[in-house]
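Colleague: Coordinates for the following, if possible.
(2 chains)
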Amino acid sequence: MENFINASKKELLKLNEKFGWSLNSAELEKARAYFAGLGRNPTRAEMETIAQTWSEHCKHKTFSGPVELCIGGRKRLFRNLFKETIVKATLKLNKKWCLSVFKDNAGVIEMSPRSKWGLAFKAETHNHPCAVAPYGGAETGVGGVIRDILGTGLGAKPVLNTDNFCFGPFEKEKMPKGFLPPKKIYEGVVEGVRDYGNRMGIPTAAGSVHFDESYTFNPLVYVGCVGLIRKDRIFKKIKKGDLIVVIGGPTGRDGIHGATFSSADIDENTGSSAVQIGHAVNEKKVLDVIMKAADKKLYNALTDCGAGGFSSAIGELGADTGACVDLSKALLKDSSVKPWEIWVSESQERMVLSVPRKNLAALKDICGIEECPICVLGSFDGSGRLRVFFGNEKIIDMDMAFLHGGLPKFVKKAVYKPRPEIKHFTHKPKDYNEVLNRIISDVNVCSKEAIIRQYDHEVQGATVLKPFCGKSGNTPSDAAVIWPYAFTGEMDNYEGFAVSHGFDSQSGKINPYLMSFYAIDEAIRSLACAGADISRTALLDNFCCANPGNPHILGDFAMAALGCRDAAIAYGAPFISGKDSFYNQSKVKGKDYPIALSLLISAIAPVKDVRKTVSSEFKKAGNPVYLIGRIKGGMGGSVYSKIFKEKNNVLPPCKPREHMKDYLFLSKAVESGFVAAAHDVSKGGLAAAAAKMSFDGLTCKLELGGVCRGLRTEEALFSQGPGLIIVEVESGKEKAFLKSSCGIRISKIGFVSADEKLEISLRGETQIKADTKKLLSLWKNSLGDKI
Amino acid sequence: MKIEVFTREEFASNEEKGLLRKLSHFSPRARAARESKLYIIDGSYGKKDFEKMAGNVLSDFIAEDFTAGKPRKLDGFVRVEMLFKPGITDVLAQSAAEALFLGGFSKPAKIVTGRVFYIKGLSPLEAQSAVMACFGNDLIHSVRAD
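Modeller: Alright, predicted model coming up:
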């Protein structure tokens, strides 16, 4: 690149725009100074490598950088926001069962002290690609997170996929040029997740879907994967002299600039070159090779080729040892691909392995059996430098230390302004039956069957608690429970694990700090309902945010991160991995459209005995029904408020230590066999939760007078505070249940009935008497009618 | 050579329901619809070779039928082809090339895959717009009505 080292600031910015690096002026200046020091201009490949390595996607420079947070005139400086919030909680909790955190492609926890297995868990976002090409974006998102699990430690076996989506309203059909309608994005994303997961033979059994206006131009697509890994294979170590071996699909011009793409807003001119289509069959071959090669201990380390391609993968693996690469040895789709394009191409389904020379022949044999392409690109040579050739032509020669440590840090300003609390109520419902009908058929509450049934959630034969439960398969489950015996081969060992999610961007619009508490509470509560051992819950944080250059957006984000730290400590649940995605913001005709701050909490916990798991549908007429927790006032962030434009925005308080005590009690009660069914009170409130438990033939009659003193009827029925769980107790075990509940806030609120009418009363007055068949029909068909 | 692979008429009703449901978002006037998988294959093969490829490798002989070198015969339908734009990964083409090789054919010089939609009730221009709106993405696809 001629004249780079003598270029002015303006000229550097022009080059930046021309080549799509998404670097800022301080970063460009740092690169200029480095090459000026070497007395030469950089090559195109060197600048592309810097752009990839320093991208938001690879370095998370906003979250891991310094932030000055200003709240009401008081300033606080975080030198590394991520370390002082998310990581701090994990360090403070210091759980022995966290085996690998924040180091590798995924976090790893212990299944149990006596088990030889660990659980690797990771969730990713693929928002920008899905906005422009939903099918390919979603497919490659799933493929990418599966490879993250494959690349954890010395290779984990994927056993569960998760999916969580946020879309704009389907009614929005006419879109500006360059943007796809939400319905079309939905169709492509669901098909992409379905096709990739199903073809890989991995069950997709946990997730959620959320709708909000703010996602109209920027959908969010979170994909996750859980893998099983032997405890003795959690750590990797590259040895000097190891060969750099690539297995998997050939390299093409696919996805050039995928990593730098995530550091920019989307506008009408965003192209599709950053997106490609996945090839699940190729990834399955890679998976099979890795499982066999891991058993034979043929490699010392591995990682996946994700955003940034070889540049990121080899750059990261060789950060300590240095690497010497010859790109002319790469298997190519097309001979016209330029050397720098080979280096940064994001062709999917490739893994990079660090292989001792003596093991290469054995690895090639396995690849031959699995029909998986393999090539050797060079070696980790111990030079401490990154040297890349194409035949005899040297295209990169840089210090690893500069590449990984040279990113300039600058303080970002964040401002948080608390929103005023509105305590008065503006809507007075006339008929609560009608309100329940509206709520149960709202897109954020209704059944997502139209999506979920497209996924194979039972492949591998290990899914104990499926997305829908009950004889008729109509009741939604709180969590997925997996018994991975098919992989472990341990038929007498009934240990498994449960996965759930928490998400509440509506409350985040009012109070981002509390939003984090709500999301964590919901995720842990759902695990407790399934009977998981929640004392060993581990969390993933996946933040999605608009442009952090706006101090108010970064201020909300910082508050949510602080909320994560405080909630994780209070609930005793450490974070083990996570990811952030910024710039989820679109410019349309000069106007910015940012997404609402969104935090997905994914939670995983072991299940001591999967046979004792309970589902959420009512089981037996006459069984008593209890409420765990106390209903609190406030309609903030509720579905009710959104539908009826209720201005009251009070968020019910969250008391983590009390809630956790309740959940631990429930978890033990499930394990002891006292509980027949349990379901958390989440979107739509208590009435909607009771309705959903009634979708399998039995319903309930409830009297809430004793648990909502001083509250309005709509608060009792539809508020969405944390801490609430409806529990059906086995009638013969009620005494034992109560005996074990000392100090727990439980209240008997009714009983299960064989009637077809769900009845909820307050102080003796019936407020809801609803036909459960009608409710089921509304709940099941609302989303289907819109597709 | 263009090869079209499609569901046999006796099994096509579910496929049609799905297509019409999607098309109804664009225009309620679409009355009938069919879809074919399209393979455009270059290589030194004779016509019989192409027919063998279609019959033995690319289609399921129980549920599907094919045409080689000519479009499906569907009276009163507008035919719309949807292909990837140049530079977009075509994984189906990669798999098809491998499958043909494993099926005993020499490796084709080039394969491109796409979808063909047959729609009754819309003009060619409307059908083209409908296919893009309902099934395509103009960032990665190109569509053309015959």
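Colleague: Show me where chain B has its helices.
Modeller: Under the criterion DSSP state H, chain B contains helices at B:13-23, B:47-52, B:91-102, B:124-135.
Colleague: now the last one, how far from the chain's geometric center?
Modeller: In this view, helix B:124-135 has its centroid 15 Å away from the chain centroid, taken as Cα atoms, centre = their mean, to the nearest Å.
Colleague: Residues contacting it, please?
Modeller: B:22-23, B:25-27, B:29-30, B:78, B:80, B:82, B:115, B:117, B:119, B:122, B:138, B:141, B:143-146 (Cβ atoms under 8 Å, 6 or more residues apart in numbering or on different chains). From N, CA and C alone the C-beta is placed, and that goes for glycine too.
Colleague: Go back to these and keep what's next to chain A.
Modeller: Of the residues in those, proximity to chain A by Cβ under 8 Å from any Cβ of the partner chain holds for B:His25.
Colleague: Give me the buried entries from the contacts of helix B:124-135.
Modeller: Buried residues within the contacts of helix B:124-135, defined by neighbour count using 16 or more other Cβ atoms under 10 Å in any protein chain shown: B:22-23, B:25-27, B:30, B:78, B:80, B:82, B:115, B:117, B:119, B:122, B:141, B:143, B:145.
Colleague: Flag the shaky bits of the stretch 201-350 of chain A, pLDDT-wise.
Modeller: A:255-276 (pLDDT under 70).
Colleague: I'd like to know how many residues surround B:Gly69.
Modeller: 12 (other Cβ atoms under 10 Å in any protein chain shown).
Colleague: show me the contacts for it.
Modeller: Applying Cβ under 8 Å, 6+ apart to B:Gly69 gives the contacts B:Met1, B:Lys2, B:Ile3, B:Lys47, B:Phe50.
Colleague: all strands for chain B, in order.
Modeller: All strands of chain B, identified by DSSP state E, fall at B:2-7, B:32-42, B:64-68, B:78-84, B:110-120, B:141-145.
Colleague: right, and B:Tyr39 touches B:Val57 too?
Modeller: No: between B:Tyr39 and B:Val57 there is no contact under Cβ atoms under 8 Å: 9.9 Å.
Colleague: out of those two, which sits in the more crowded spot?
Modeller: Just comparing B:Tyr39 and B:Val57: by other Cβ under 10 Å the higher neighbour count belongs to B:Tyr39, 28 against 16.
Colleague: Dig out what that one forms beta bridges with.
Modeller: Beta-bridge partners recorded for B:Tyr39 (DSSP bridges): B:Ile3, B:Thr113.
Colleague: okay, it: pLDDT?
Modeller: Listed pLDDT for B:Tyr39 reads 97.
Colleague: what about it, distance to B:His141?
Modeller: According to Cβ to Cβ, to the nearest Å, B:Tyr39 stands 16 Å off from B:His141.
Colleague: coming back round to it: got a markdown table for the helices of chain B, with distance to A:Glu646 and mean pLDDT too?
Modeller: Formatted as a markdown table, the helices of chain B follow (distance: least, Cβ to Cβ, whole Å; pLDDT from 0 to 100):
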| stretch | distance to A:Glu646 | mean pLDDT |
| --- | --- | --- |
| helix B:13-23 | 35 | 92 |
| helix B:47-52 | 65 | 94 |
| helix B:91-102 | 49 | 90 |
| helix B:124-135 | 37 | 93 |
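Colleague: so which of those is the most packed in?
Modeller: Stretch with highest mean neighbour count among the helices of chain B: helix B:124-135 (a mean of 20; mean count of other Cβ atoms under 10 Å in any protein chain shown).
Colleague: okay, the angle between it and strand B:32-42?
Modeller: 90 degrees (axes from the mean of the first three to the mean of the last three Cα atoms, to 10 degrees).
Colleague: Output helix B:124-135 as CSV, restricted to C-alpha atoms.
Modeller: This file holds the C-alpha atoms of helix B:124-135, laid out as CSV (Å, rounded to 0.1, in the frame of the first residue of the first chain):
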residue,chain,number,x,y,z
PRO,B,124,-44.9,-12.3,-15.8
LEU,B,125,-43.8,-9.0,-14.3
GLU,B,126,-46.0,-9.6,-11.2
ALA,B,127,-44.8,-13.2,-10.9
GLN,B,128,-41.2,-12.0,-11.0
SER,B,129,-41.8,-9.4,-8.3
ALA,B,130,-43.8,-11.9,-6.3
VAL,B,131,-41.0,-14.5,-6.3
MET,B,132,-38.4,-11.9,-5.3
ALA,B,133,-40.7,-10.6,-2.5
CYS,B,134,-41.8,-13.9,-1.2
PHE,B,135,-38.9,-16.3,-1.8
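Colleague: pLDDT wise, what is A:Cys742 at?
Modeller: 88.
Colleague: I'd guess it is in a strand, am I close?
Modeller: No: counting by DSSP: H, G, I helix; E, B strand; the rest coil, A:Cys742 is not found in a strand; it is coil.
Colleague: tell me the contacts of it?
Modeller: A:Cys742 neighbours (Cβ under 8 Å, 6+ apart): none.
Colleague: how close does it get to chain B?
Modeller: According to Cβ to the nearest Cβ, to the nearest Å, A:Cys742 and chain B sit 56 Å apart.
Colleague: same check, this time on A:Glu56
Modeller: Distance of A:Glu56 to chain B, computed by Cβ to the nearest Cβ: 22 Å.
Colleague: With adjacent residues omitted, what lies nearest to the residue in the stretch 451-600 of chain A that chain B sits nearest to?
Modeller: When scored by Cβ to the nearest Cβ, the stretch 451-600 of chain A has A:Gln454 as its residue closest to chain B, at 12.3 Å. Excluding the flanking residues, the one nearest A:Gln454 by Cβ to Cβ, 6 or more residues apart in numbering or on different chains is A:Arg194, at 4.5 Å.
Colleague: secondary structure class for the closest residue to A:Thr251 other than its chain neighbours?
Modeller: Of all residues not flanking A:Thr251 in the chain, A:Ser347 sits nearest, at 4.7 Å (Cβ to Cβ, 6+ apart). When classified by three-state DSSP, A:Ser347 comes out as coil.
Colleague: Please apply the same query to A:Ala716.
Modeller: helix.
Colleague: any idea how far A:Leu666 is from the nearest residue in space to it that is not next to it in sequence?
Modeller: Spatially, and ignoring its direct neighbours in sequence, A:Ala716 is nearest to A:Cys708 (3.8 Å; Cβ to Cβ, 6+ apart). Going from A:Cys708 to A:Leu666 by Cβ to Cβ gives 20 Å.
Colleague: In terms of neighbours, single out the busier of these two.
Modeller: A:Leu666 (28 against 23).
Colleague: Output the lowest mean pLDDT helix or strand found in chain A.
Modeller: helix A:258-261 (a mean of 50; mean pLDDT, DSSP states H and E).
Colleague: Show me what secondary structure element comes after that one.
Modeller: Helices and strands here follow DSSP states H and E; after helix A:258-261, the next one along the chain is helix A:280-295.
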